[in-house]
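Visitor: After the sequence you'll find the predicted model.
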Amino acid sequence: AAGVIQSPRHLIKEKRETATLKCYPIPRHDTVYWYQQGPGQDPQFLISFYEKMQSDKGSIPDRFSAQQFSDYHSELNMSSLELGDSALYFCASSLTVTGNTEAFFGQGTRLTVV
Amino acid sequence: AQTVTQSQPEMSVQEAETVTLSCTYDTSESDYYLFWYKQPPSRQMILVIRQEAYKQQNATENRFSVNFQKAAKSFSLKISDSQLGDAAMYFCAYRSENAGNMLTFGGGTRLMVKP
């Protein structure tokens, strides 16, 4: 079965550069979530989209923005990168129907800022 | 805001033995979901087991079971007949029924399995 696809898997950027992470949800899933997991940390919720509209916002810095496109894929744009942005970025997707609780995670994008 | 606490940064278990990982949470809601996720060295987040708060019966998935104590806001994971492949970080997570579908994770417990 198709899973959540994230690209790229690894990314190295310099400080003050810009990065774009992509997420392709499981087909027919209408909700996408972004999480950030710093070294030795638990995943922190950044932002989510339902039917291409932002649905919830967590601890996402103002330097970051995200959107969900008509084909339901999502992109996380990160500008003015800082060393502290180095982390594993997860995307998850789910189908929002009554009684459905499970979100499926991608393999993550490891961003290293040098 | 909900918080999830895992008080055991590391746990160790002998292969074939049983281990219990602890998780407590704080919420004022009555309807919610609780999850245990496994994160092996590959860093993939894998759902192990989930529990709906309205269900009194504890969830079970093969060797994995939970002890859900709603009044105590406790949600522990028991792994029976531990296998080397169970070695990983385990995260407890909370999801509200009504206030958004995002997950709030605990700090994680690193489980080591000794042969």
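Guide: Cool, the structure landed.
Visitor: where do the strands sit along the chain?
Guide: Because you didn't say which chain, this covers chain A. A:5-7, A:10-13, A:19-24, A:31-37, A:44-50, A:53-57, A:64-68, A:74-78, A:87-94, A:104-105, A:109-113 (DSSP state E).
Visitor: The intended chain is chain B.
Guide: Using DSSP E, the strands of chain B run over B:3-5, B:10-14, B:19-21, B:24-26, B:32-39, B:46-52, B:60-61, B:64-69, B:74-79, B:88-96, B:103-105, B:109-114.
Visitor: who in chain A is up against chain B?
Guide: Listed as neighbours of chain B in chain A under the rule C-beta under 8 Å from any C-beta of the partner chain: A:31, A:33, A:35, A:41-45, A:48, A:55-56, A:58, A:88, A:90, A:92, A:94, A:96, A:101-105, A:107-108, A:110. Backbone N, C-alpha and C define where each C-beta goes, glycine included.
Visitor: Apply 6 Å and report the result again.
Guide: A:33, A:42-43, A:45, A:48, A:56, A:88, A:101, A:105, A:107-108 (C-beta under 6 Å from any C-beta of the partner chain).
Visitor: which one in those residues is the model shakiest on?
Guide: Among these, A:Thr101 carries the weakest pLDDT, at 65.
Visitor: can you put the residues of chain A next to chain B in CSV and add distance to B:Trp36?
Guide: Output for those, formatted as CSV (distance: C-beta to C-beta, whole Å):
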residue, distance to B:Trp36
A:Tyr33, 18
A:Asp42, 13
A:Pro43, 14
A:Phe45, 18
A:Ser48, 21
A:Asp56, 22
A:Leu88, 19
A:Thr101, 13
A:Phe105, 14
A:Gln107, 19
A:Gly108, 19
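Visitor: Name the nearest of those relative to B:Gln51.
Guide: Distance to B:Gln51 across the residues of chain A next to chain B (C-beta to C-beta) is lowest for A:Thr101, with 9.5 Å.
Visitor: ok, residue 43 - contacts?
Guide: Picking chain A for this. Contacts for A:Pro43 (C-beta atoms under 6 Å, 6 or more residues apart in numbering or on different chains) come out as A:35, A:37, A:90, B:105.
Visitor: try chain B instead
Guide: The neighbours of B:Arg43, taking C-beta under 6 Å, 6+ apart as the test, are A:88, A:108.
Visitor: low pLDDT regions in chain B?
Guide: Within chain B, the stretches with pLDDT under 70 are B:99-100.
Visitor: From B:Ser80, how far off is the spatially most central residue of chain A?
Guide: Central residue of chain A (C-alpha atoms, centre = their mean): A:Trp34, 3.2 Å from the mean position. Using C-beta to C-beta, to the nearest Å, one gets 35 Å for the distance from A:Trp34 to B:Ser80.
Visitor: And for the nearest residue to B:Ser12 once chain neighbours are set aside, the neighbour number?
Guide: Excluding its sequence neighbours, the residue lying closest to B:Ser12 (C-beta to C-beta, 6 or more residues apart in numbering or on different chains) is B:Met112, at 4.6 Å. By the measure other C-beta atoms under 10 Å in any protein chain shown, the count of residues near B:Met112 is 14.
Visitor: Since that was my last question, I'll sign off now.
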